[in-house]
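J.: coords please:
(chains A and B)
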There are 2 protein chains.
Amino acid sequence: MTLTQLQDQSEEALKDRLAALKADYEQYRTKKLKLDMSRGKPSPEQLELSMPMLDVLSSKSDMKAENGVDTRNYGQLDGIPEAKRFFADLLEVETDEVIVGGNSSLNLMHDTIMRGMVFGFPESSAPWSKQGKIKFICPVPGYDRHFAICELFGIEMIQVAINEEGPDMEEVERLVREDDSIKGMWCVPKYSNPSGATYSDETVERLVSMETKANDFRLFWDDAYTVHHLTDEHDPLKNVLAAAKEAGQPNRPIIFASTSKVTFPGSGVSVIAASRDNINHFLKLMSSQTIGFDKINQLQHVRFFTEVEPLDAHMKKHAKLIKPKFELVLSTLEEKLGGKGIATWSKPNGGYFISLDIVDGAARKTVTLAKEVGVTLTGAGAAFPYGIDPRDRNIRIAPTFPSVDELKEALNVLCTCVEIASIEQLLATK
Amino acid sequence: MTLTQLQDQSEEALKDRLAALKADYEQYRTKKLKLDMSRGKPSPEQLELSMPMLDVLSSKSDMKAENGVDTRNYGQLDGIPEAKRFFADLLEVETDEVIVGGNSSLNLMHDTIMRGMVFGFPESSAPWSKQGKIKFICPVPGYDRHFAICELFGIEMIQVAINEEGPDMEEVERLVREDDSIKGMWCVPKYSNPSGATYSDETVERLVSMETKANDFRLFWDDAYTVHHLTDEHDPLKNVLAAAKEAGQPNRPIIFASTSKVTFPGSGVSVIAASRDNINHFLKLMSSQTIGFDKINQLQHVRFFTEVEPLDAHMKKHAKLIKPKFELVLSTLEEKLGGKGIATWSKPNGGYFISLDIVDGAARKTVTLAKEVGVTLTGAGAAFPYGIDPRDRNIRIAPTFPSVDELKEALNVLCTCVEIASIEQLLATK
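T.: You can find the predicted model right below:
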């Protein structure tokens, strides 16, 4: 096999290659693999990094927050002061611009959209659900759980391509200028899920200053990977709330983040950051939902990161564990698929994913082939609204959870399946 | 002062008594008190009882649930198996009839009603919000935070009196038989907030078997005080889910509970229990809201109650701390207000409250008088929808949080204020 691009090869050569690949594939079948690259989950080794946090509090601990509030009892809906300050520093906002939540930022996002639908935002003429069809802009490929929330609430999703600078801003600006039913837009602005792209300063500026026909338009700014760098080269991200204030649109962005991939995915601390108007609006509505979130967990997190180890050092330990996995993915893709003209992939500086684009029409086939020999990938199309990739070409690779050995095996399977599916697609369209 | 009922006394005698009371009241003012009997919060001593739970997990712990799931990572939306079993045993339901949630059962209740409004229940012809005006039956006095949820979602509240057997069932049956816009009913079936009443077997049976015009009617069964006995005399409560199944209405009750007043109010574990149909309906909708609740906290709770101490023994320690406070309330009320014909009060076997009914029209005045000398009571009317007590006579006493000494002082103030307000009311209507 030379580096000749596959589509330039003769049908005979392709068939020979396909036969060889299928022989490899049958070998994998005999191995009875059980490998999972489907979700962006930290590995057990990463979880071990945060185990010392469980020693921070004990039966002998002072459980008072710095304002004297007993973290064990009811109250303090917006979070304990030291947790608010921790996240305010992290997100570069003021302490009264944050609400520290429970264990799930997805939960905060879901509830924020629910509130838009049921109650509206301060500027809304009526709840969104009473304003006819509601639409969101969804940069693709994107995060399947964002799209699931839209689907749940019957919000129509408009796809916009994402490139290395962020979403296609020409298209975004055109859409929101003309259509007042477009009320929101999903954004994973840094180390985007799954493309790894970080929005450029210009993209952020255009998003906060663009003219929107809806006066209650919101950016759902899921800053999930803000401290999740893979290398010392950190993608810079412009402060969206500061930029929005400067553009005279302070209420536009609603920022979400969490420590799910910093400490424990099931037991982290989430945060919502926004203008004071938004925060007060949320607090008023949330006060009927809960008396307060888990303050002991907030206290445990803050004491861990202030008394035990700094956040930066902690995130470097994560990077040390996952960087070799990302490197393995990139080198294997290059080795097995490089130069064949059937695949391109992202090379992110952070986050949890590598986005792989292959020959149009071959993604679903690839995922099915891999599944049949025991390698579970994220479902093809998952990164698109309604689970449908219009070109059926995108595969999301989540390399963090498996061990390096498992990952190696899974990648070999993946590359074999990609090539089989691609050649079959090429043969079918020849 | 004799035991002659106040309303039988002469105007002159009343005025003399009032002058004496006002002198006492001015004495309290000089003390610059700062006492709070407003909320049903455990005292710091009660919170200390659960501090050993913080030693259950450490950096050396095995963090796997019994099914092998790593509690630190994502997943297990319905809760870890041992937590499901713990709550299933507690509530006498099957393990697949429970979802173990986050730190707040109020949050589960809010979200369940939100889902009724936005999506409806399996039997609903349309989401509740698309079926015109929606109404709930609210036994009064009741829990203010229940009523706040109804108010938030624009649900009209129909008041029904609660007596020692539970709500007035004649009235409840009449209402739900005739009106298909009545979709739900709030119930605190055991040691009710604030009356302390426990629903009789007959009440439970009638609630689950009564004919309702709405086919998607639900009982919101807030079993908040199920293990919160004050003495060895436990009020029995009929198993509502079993009774509902027997009556052919398995989907009617939705049971909520939590460990908020067992371990830590800010950091307990909540649970929802219902028929499998309901549970599956909830899980489907919840899967867009969160990947899972805090499983480490679930693990910590279960290991504490199975490996460190049994729940019953733990609840007895709570009772030992709070029973003297309830006794102090009852003896003070008897001593200061007994035989005067101006007050009646509940004598609960469990829960967190004593409900005090005084002369019609005197409750708000009493609370204001107490507030002015530094004693914060639950707002008058708080136990009624929209915060309006039609007879302005009910005061909720929450004795658990203050120390015994503080409580003594606060009760003296309360009784003085009750008598002042009552006499002024009697004089005004003489």
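J.: who touches the helix or strand harbouring A:Asp89?
T.: Assigned by DSSP states H and E, A:Asp89 belongs to helix A:81-91. Residues outside helix A:81-91 that contact it (C-beta atoms under 8 Å, 6 or more residues apart in numbering or on different chains): A:65-67, A:78-79, A:94-98, A:100, A:223, A:226-227, A:241, A:255, A:257, A:269, A:271, A:273, A:295, A:298-299, A:301-302, A:305-306, A:311. Glycine gets a C-beta too; all of them are placed from N, C-alpha and C.
J.: In strands only, show me those residues.
T.: Among the contacts of helix A:81-91, the residues falling in strands (DSSP state E) are A:98, A:100, A:255, A:257, A:271, A:273.
J.: Looking at the residues you listed, which one is closest to B:Gly338?
T.: Closest to B:Gly338 out of the ones in strands among the contacts of helix A:81-91 is A:Val100 (47.9 Å), distances taken as C-beta to C-beta.
J.: Go ahead and confirm that closest one touches A:Val271.
T.: Yes: using C-beta atoms under 8 Å, A:Val100 is in contact with A:Val271, at 5.4 Å.
J.: picking up where we left off before, report the entries of the contacts of helix A:81-91 that also contact chain B.
T.: A:Lys295 (C-beta under 8 Å from any C-beta of the partner chain).
J.: Buried by neighbour count, from the contacts of helix A:81-91: which ones?
T.: A:65, A:78-79, A:95, A:97-98, A:100, A:223, A:226-227, A:241, A:255, A:257, A:269, A:271, A:273, A:295, A:298-299, A:301-302, A:305, A:311 (16 or more other C-beta atoms under 10 Å in any protein chain shown).
J.: and stretch A:236-255, how far apart are its ends?
T.: 16 Å (C-alpha to C-alpha, to the nearest Å).
J.: can you list contacts of it?
T.: A:91-93, A:97, A:112, A:121-123, A:189-190, A:198-199, A:201, A:204-205, A:207-209, A:217-221, A:223, A:226, A:271-275, A:277-278.
J.: just to revisit the earlier point, hey, C-alpha coordinates of the helix holding A:Asp89 in PDB?
T.: Extracted C-alpha coordinates of helix A:81-91, given in PDB (Å, rounded to 0.1, in the frame of the first residue of the first chain):
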ATOM      1  CA  PRO A  81     -18.800  32.800  49.500                       C
ATOM      2  CA  GLU A  82     -15.500  31.000  49.100                       C
ATOM      3  CA  ALA A  83     -17.000  28.700  46.300                       C
ATOM      4  CA  LYS A  84     -18.500  31.800  44.600                       C
ATOM      5  CA  ARG A  85     -15.100  33.500  44.700                       C
ATOM      6  CA  PHE A  86     -13.300  30.300  43.500                       C
ATOM      7  CA  PHE A  87     -15.500  30.100  40.400                       C
ATOM      8  CA  ALA A  88     -15.600  33.900  39.900                       C
ATOM      9  CA  ASP A  89     -11.800  33.900  39.700                       C
ATOM     10  CA  LEU A  90     -11.800  30.900  37.400                       C
ATOM     11  CA  LEU A  91     -14.300  32.500  35.000                       C
END
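J.: Distance from it to the middle of the chain?
T.: Centroid separation for helix A:81-91 versus its chain: 22 Å, with C-alpha atoms, centre = their mean, to the nearest Å.
J.: Pull out the buried positions in it.
T.: Buried-residue list, helix A:81-91, by 16+ other C-beta under 10 Å: A:81-88, A:90-91.
J.: and the worst-scoring helix or strand of chain A on mean pLDDT with chain B, contact?
T.: Here the helix or strand of chain A ranked lowest by mean pLDDT, DSSP states H and E is strand A:35-37, holding a mean of 90. No: applying C-beta under 8 Å from any C-beta, one finds strand A:35-37 separated from chain B by no less than 11.7 Å.
J.: packing partners for that strand?
T.: strand A:375-377, helix A:404-429 (3 or more C-beta pairs under 8 Å, 6 or more residues apart in numbering or on different chains; DSSP states H and E).
J.: Pull the residues that contact the first one.
T.: Pointing back at strand A:375-377 there. For strand A:375-377, the external contacting residues (C-beta under 8 Å, 6+ apart) are A:28, A:33, A:35-38, A:366-367, A:370-371, A:395-397, A:409-410, A:413-414, A:417.
J.: partners of that strand, with directions?
T.: strand A:35-37 (parallel) (DSSP bridges).
J.: Which parts of the stretch 201-350 of chain A are strands?
T.: Using DSSP state E, counting those that start in this stretch, the strands of the stretch 201-350 of chain A run over A:218-222, A:253-258, A:270-273, A:343-345.
J.: pretty sure A:Ala126 is in a strand, no?
T.: No: A:Ala126 is assigned coil when assessed by DSSP: H, G, I helix; E, B strand; the rest coil, not a strand.
J.: Just the pLDDT for the nearest residue to it once chain neighbours are set aside.
T.: Nearest non-adjacent residue to A:Ala126, counting by C-beta to C-beta, 6 or more residues apart in numbering or on different chains: A:Gly120, 6.1 Å away. Predicted confidence (pLDDT) for A:Gly120: 98.
J.: now that we're looking at A:Gly120, which residues does it contact?
T.: A:Gly120 is in contact with A:126-128, A:216, counting by C-beta under 8 Å, 6+ apart.
J.: So what sits opposite the nearest residue to A:Val93 once chain neighbours are set aside in the bridge?
T.: Of all residues not flanking A:Val93 in the chain, A:Ala273 sits nearest, at 4.8 Å (C-beta to C-beta, 6+ apart). On the basis of DSSP bridges, A:Ala273 takes part in beta bridges with A:Val98, A:Ile255.
J.: Please tell me how far A:Ala273 sits from A:Thr226.
T.: The gap separating A:Ala273 from A:Thr226 is 11 Å, by C-beta to C-beta, to the nearest Å.
J.: for A:Lys31, same thing?
T.: Counting by C-beta to C-beta, the gap from A:Lys31 to A:Thr226 is 39 Å.
J.: try A:Leu219
T.: Taking C-beta to C-beta, one finds A:Leu219 at 15 Å from A:Thr226.
J.: And for A:Lys238?
T.: Distance of A:Lys238 to A:Thr226, given as C-beta to C-beta: 12 Å.
J.: what does A:Glu12 give?
T.: A:Glu12 sits 52 Å away from A:Thr226, going by C-beta to C-beta.
J.: For stretch A:308-317, C-alpha coordinates in CSV please.
T.: C-alpha atoms of stretch A:308-317 as CSV (Å, rounded to 0.1, in the frame of the first residue of the first chain):
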residue,chain,number,x,y,z
VAL,A,308,-4.1,21.0,49.4
GLU,A,309,-3.1,21.9,45.9
PRO,A,310,-3.6,24.6,43.3
LEU,A,311,-6.0,23.9,40.5
ASP,A,312,-3.3,24.5,37.8
ALA,A,313,-1.1,21.8,39.3
HIS,A,314,-4.0,19.4,39.5
MET,A,315,-5.0,20.0,35.8
LYS,A,316,-1.3,19.4,34.8
LYS,A,317,-1.6,15.9,36.4
